[in-house]
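S.K.: Dropping a prediction and its sequence here:
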Amino acid sequence: MSSIISPKLEELINQLENAKENALYTFLHEIKSNNTPLIEQCPVENQYKLITYIWLGDQKTENVYVFGSFPGWDLSVNQLQRLLQTDIWYVTFRTDESFISTYYFSVNDFFENDWIKRSEKYQLDRFNKNTFGEDANKASVLNIGMEVQYSSRFPSDHYPSGKIETYSFHSTILNDTRKIYIYTPHDYSHTSHLQELLIVFDGNSFINNLSIARTLNYLICEKEIPSCIAVAIEPVDRLEELTYNDKMNTFLTEELLPWIQARYHVYQEKNHTTIAGFSLGGLAAFYAALQNPHVFGNVLSMSGSVHWKKDGYENQIPWIENQISSIDSNTSQPHFYIAAGELENKPLLTANRRLYKALKEKGYQITYEEFQGGHDGVWWREKLFDGLKALKHTKTTL
């Protein structure tokens, strides 16, 4: 639990201890009007800002935690404390960095290391109007010293809209049925010119949170990228499917791709096929391309979990990095876009940096970027935009 105290809260404590009337009411009115977290200059060290998260509880509130790329995911330091005998709970952190981070509150949290159950109970900051995402995936957003660029990338919203169709796809290989979403450009027809193909994991997130359709509408209309069809795959068992799953790769190459190629006017060459994902989806994109370099010629990974341990693999070097070093780059020339955040957990960020170095040493065409955030959809939406443009400019054939 952090021991740093916000100057505003220190002042409030003094007022309450001196029985000043209306002090609590005035403070609550102020945070409702001005948004939280509180952002203050550190009175002792001017290079630091103090970030104070505030939760207004009730008689049933037993504990409160805050989680996100900032302040992190450490149960031992992310717990809020109660302000005297009021219903205000708070925790203050300091930083000298500029960043954008999403965050969540977890109230009456006794989940210990069960992060799946915890994530099902996350709550928004009720005093922060700045949010990202939709429905269950919505999160509060904290901007320190910078703003999200995404909306400003579009001079207007008057770009022709593509179409998204939803299919129920049964896989014999995986023995399951899942949703897939197909994006086609506004002027697509089965007699139009051949389309590039983009395949992404975590389909619903790409459609609803990462705004893939809006991004493609703009990039295609402005001729920033070639016209393309996007296939967004919804997971059934995400953890199982996206961690070195050979059956998933077989599903992609032997069921999904033939189905797409039979129904849509797409290129079949690897140079025109991109596979993309974030987090474990980034790992799965790398795995699919490394196992099938004749199929997937372009990889777009955002905060890819390339540090993930492969069962039965005991080498200290991450499996993906080790696999790169064994590939003959003269016979296989995939193109890579890798983005990771400065606020990622250390193993993930280190593994992405090492992977970039290994790819560069092998002579691959690669774009690597680090952004001022962490494991955040608000950044993946930005980097999807950047990554599609970067891959277009590194391709030798379009």
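M.R.: Thanks, I have the structure now.
S.K.: Moving C-terminal from the helix or strand hosting K357, which element do we reach first?
M.R.: Applying DSSP states H and E as the criterion places K357 in helix 346-361. As assigned by DSSP H and E, the chain's next helix or strand after helix 346-361 is strand 365-371.
S.K.: Need the contact partners of that following strand.
M.R.: 333, 335-342, 349, 352, 356, 359-360, 379, 382-383, 386-387, 390-391, 394 (C-beta atoms under 8 Å, 6 or more residues apart in numbering). (Glycine included, C-beta is placed from N, CA and C.)
S.K.: hmm, back to that, what about the helix holding K357, distance to the chain center?
M.R.: In terms of C-alpha atoms, centre = their mean, to the nearest Å, the centre of helix 346-361 is set 18 Å apart from its chain centre.
S.K.: Strand 365-371 and that one, what's the angle between them?
M.R.: Put simply, helix 346-361 runs at 150 degrees to strand 365-371, going by axes from the mean of the first three to the mean of the last three C-alpha atoms, to 10 degrees.
S.K.: which residues sit against helix 346-361?
M.R.: With contact meaning C-beta under 8 Å, 6+ apart, helix 346-361 is reached by 301, 303-307, 317-318, 320-321, 324-325, 336, 338, 340-342, 344, 366, 368, 370, 375.
S.K.: do the same with stretch 77-95
M.R.: Outside stretch 77-95, the residues that touch it by C-beta under 8 Å, 6+ apart are 1-2, 4-6, 9, 12-13, 16-17, 24, 27, 42, 45, 48-59, 61, 63-67, 70-72, 144.
S.K.: that older thread, average pLDDT for the helix holding K357?
M.R.: Per-residue pLDDT over helix 346-361 has a mean of 94.
S.K.: which residues of the stretch 251-398 of the chain score low on pLDDT?
M.R.: 326-332, 393-398 (pLDDT under 70).
S.K.: how about a cut-off of 80?
M.R.: Counting by pLDDT under 80, the ranges of the stretch 251-398 of the chain that qualify are 312, 314-316, 325-333, 393-398.
S.K.: Next: the stretch 101-250 of the chain.
M.R.: Low-confidence segments of the stretch 101-250 of the chain, defined by pLDDT under 80: 156-157, 190-192.
S.K.: how about the helices in it?
M.R.: Here the stretch 101-250 of the chain has its helices, by DSSP state H, counting those that start in this stretch, at 115-120, 203-208, 212-221, 238-241, 246-250.
S.K.: Next, the buried residues of the fourth one.
M.R.: In other words, helix 238-241. Using 16 or more other C-beta atoms under 10 Å as the test for burial, helix 238-241 gives E241.
S.K.: hmm, back to that, compare the helices of the stretch 101-250 of the chain and give me the one nearest S192.
M.R.: helix 212-221 (12.2 Å; C-beta to C-beta).
S.K.: what does that closest one rub up against?
M.R.: Residues outside helix 212-221 that contact it (C-beta under 8 Å, 6+ apart): 153-154, 159-162, 164, 183, 185-186, 200, 206-207, 224-228, 230, 232, 381, 384-385, 388-389.
S.K.: on that earlier part again, let's see the helix holding K357 as CSV, backbone CA atoms only.
M.R.: Provided in CSV are the C-alpha atoms of helix 346-361 (Å, rounded to 0.1, in the frame of the first residue of the first chain):
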residue,chain,number,x,y,z
LYS,A,346,9.4,-6.5,-17.7
PRO,A,347,9.5,-10.1,-19.1
LEU,A,348,7.1,-9.2,-22.0
LEU,A,349,9.0,-6.0,-22.9
THR,A,350,12.4,-7.6,-22.7
ALA,A,351,11.3,-10.5,-24.9
ASN,A,352,10.0,-8.2,-27.5
ARG,A,353,13.2,-6.2,-27.5
ARG,A,354,15.3,-9.3,-27.8
LEU,A,355,13.0,-10.6,-30.6
TYR,A,356,13.5,-7.4,-32.5
LYS,A,357,17.2,-7.6,-32.2
ALA,A,358,17.2,-11.3,-33.4
LEU,A,359,15.0,-10.4,-36.4
LYS,A,360,17.2,-7.5,-37.3
GLU,A,361,20.4,-9.5,-37.1
